[in-house]
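Student: Sequence and predicted structure below; questions after.
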Amino acid sequence: MIYTLTFNPSIDYIVHVKEFKVGEVNRVKKDYKYPGGKGINVSRVLNNLNVKSKALGFIGGFTGEYVKNFLESEGVDTNFISTEGDTRINVKLKANEETEINGSGPDIKEDDLKKLFKKLEKLTSDDFLILAGNVQKSLPIDMYAQIQKKCLNNNVKVIVDATGETLKCTLENNPFLIKPNNDELSDIFDTEINTREEIIYYGRKLSEMGAQNVIVSMASEGALLICNEGVYKASAPKGTVKNSVGSGDSLVAGFIAEYSKTLNVTEAFRWGVASGSATAFSVDLCKSEEVKNLIEQVNITKLS
């Protein structure tokens, strides 16, 4: 089974206005509400690709119920833990420019964590656990590393989609997959990275630090995979970018969806890139047919 974990889910309220004017009444042209959070995005894309997963995490209040009910109405299995306080609302205002107002979310108590750890103890070597997104500031920065350690004895394959110190803390526990983009790679090593050769060099550094598979996404330039079998480049499909949210989560979902069926890392990489691109070219997260329409455009080349 594939499990996703979202510490701080949200309702993403997406609002379109013709021209946003500060200090005035602005009329909405159209609006959408979706459950948000990186792990939740992964579960939704897996569901769209006809691969089952279970969404774990923390929800609270009427907003948390909305997230749970929305996911279950789509067919996503959930096993959330209820917390004090309401699940946050993130407002994404789309006008001549895009503006975001993100809520902070409820604090996670020690008893809440104990409930989570009890669930994770039941995972086995047949399971994947995807740790995606940031945790609340009230929690330790090494929270994902703590979770990994609880999964080591059962050989759970842990995927980490996080940034900065949160990601670096997990490397010693040999995550199955990590997915920084070009800018995040620069931040990790506190250096400017401009060329493909530099991306490969620092991607290999992450591999040497413990990551089993490293995917570095490069937007229109495609993506790189550094793994035990070598270094591979995936070309980016052509299309019109409509959506800046969820393409990285979709890449992770596409990769795990394929790998869980075939155990083929390079083919999984191909499906991941197609899924990420399909979401970028869509209003919401990608659907299976959209991914299949792009898969032939993704060419995998072995660089070394």
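Tutor: Perfect, I can see it now.
Student: the strands in the stretch 151-300 of the chain, which residues?
Tutor: With strands called from DSSP state E, counting those that start in this stretch, the stretch 151-300 of the chain shows them at 157-161, 177-178, 214-217, 223-227, 230-234, 300-302.
Student: ok, and what's touching the second one?
Tutor: Among residues not part of strand 177-178, those counted as contacts by CB atoms under 8 Å, 6 or more residues apart in numbering are 159-161, 167, 170-171, 206, 211-215, 252, 255-256. No exception for glycine: its C-beta is placed from N, CA and C like everyone else's.
Student: Could you do stretch 266-275 as well?
Tutor: With CB under 8 Å, 6+ apart as the test, stretch 266-275 has contacts from 45, 49, 215, 222-223, 225, 229, 232, 234, 236-237, 250-259, 262, 286, 291, 294-295, 297-298, 300.
Student: For PyMOL, write the selection for the buried entries among these.
Tutor: Only the buried members of the contacts of stretch 266-275 enter the following PyMOL selection, criterion being 16 or more other CB atoms under 10 Å:
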select buried, resi 45+49+215+222+223+225+232+234+236+237+250+251+252+253+254+255+256+257+258+259+286+291+294+295+298
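Student: In helices, which of the contacts of stretch 266-275 fall?
Tutor: 45, 250-259, 262, 291, 294 (DSSP state H).
Student: right, and out of those residues, which lies closest to residue 131?
Tutor: If you rank the ones in helices among the contacts of stretch 266-275 by distance to residue 131 using CB to CB, residue 252 comes first, at 10.5 Å.
Student: ok, back up a step: from the contacts of strand 177-178, pick the one nearest residue 82.
Tutor: When the contacts of strand 177-178 are compared for distance to residue 82 (CB to CB), residue 161 comes out closest, at 24.6 Å.
Student: Report the contact partners of residue 244.
Tutor: 98, 280.
Student: Also residue 62?
Tutor: residue 86.
Student: if I look at it, how far off is residue 2?
Tutor: Residue 62 is 28 Å from residue 2, where distance means CB to CB, to the nearest Å.
Student: now do residue 70
Tutor: Using CB to CB, we find residue 70 at a distance of 19 Å from residue 2.
Student: Neighbour count for the two, which is higher?
Tutor: Shown here are residue 70 and residue 2; by other CB atoms under 10 Å, residue 2 has more neighbours (22 against 17).
Student: what residues are up against the nearest residue to the more buried one once chain neighbours are set aside?
Tutor: Closest residue to residue 2 in three dimensions, ignoring its sequence neighbours and counting by CB to CB, 6 or more residues apart in numbering: residue 53, at 4.1 Å. The neighbours of residue 53, taking CB under 8 Å, 6+ apart as the test, are 1, 2, 3, 4, 42, 43, 46, 47, 76, 77.
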